[in-house]
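A.B. asks: have a look at this prediction, sequence included:
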Amino acid sequence: MRQKVFAKHTRQLKHAFGRRMHTQYILDILNKGHDVLFSDVDIVWLHRPYRFFNDPFDIFILEDQGPPSPTVLCAGFVVYKSTNATKQFMERWIAEIDIFKEPRPDQVVLNRLFQNKLMIKKPVPNFKYKVLDPNRFVSGHYYFNATWRKQNPQVKPVVLHNNWLQWEETAD
């Protein structure tokens, strides 16, 4: 019996994390009336982040890379409130993912929505999002850059994204 249940859930997860990645799975949870805090495995919580999610926004999202580069939003740490606007946004995101003949990462499509002004051309009514404070929700792009850390000693991360890691291999 356990194997059948496991196989069923494995197929569901494979579909949910396949072409659409995790977006459909999150929308299903939102449709049940639950808020979702999605956190990639390489996100480290140094402090409890919940107090940062009380403002009246539909989505709170981590910035992966910012000025001087164009802002790149990160799909790896997002709080989704179960609002009609969030659900409509998720449906739009999924529809954009489905447009491509070849699979594309959900984060690429997410940024396409915002950077190519697709949300301006066809806005989701009443949709409000907040990019989380990059001094509290820090991308590895910055944090693991020694020059940046030296120039920003006041930064005290609440959440740290362990991405953009670079290391040199050494001989054993």
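C.D. replies: Here it is on my side, so go on.
A.B. asks: next up, the contacts around Asp42.
C.D. replies: Asp42 sits next to 76, 161-163 when contact means C-beta atoms under 8 Å, 6 or more residues apart in numbering. For glycine as for every other residue, the C-beta is placed from the backbone atoms N, C-alpha and C.
A.B. asks: can you do 6 Å?
C.D. replies: Residues in contact with Asp42 (C-beta atoms under 6 Å, 6 or more residues apart in numbering) are Asn162.
A.B. asks: next one: it from Phe52, what distance?
C.D. replies: Going from Asp42 to Phe52 by C-beta to C-beta, to the nearest Å gives 19 Å.
A.B. asks: which stretches of the protein have low pLDDT?
C.D. replies: In the predicted model of the chain, residues 1-21, 66-70, 101-103, 116-121, 164-172 satisfy pLDDT under 70.
A.B. asks: how close does the one residue sitting closest to the centre of it get to Pro56?
C.D. replies: By C-alpha atoms, centre = their mean, the chain has its centre lying nearest to Ala75, at 1.9 Å. Ala75 sits at a distance of 22 Å from Pro56 (criterion: C-beta to C-beta).
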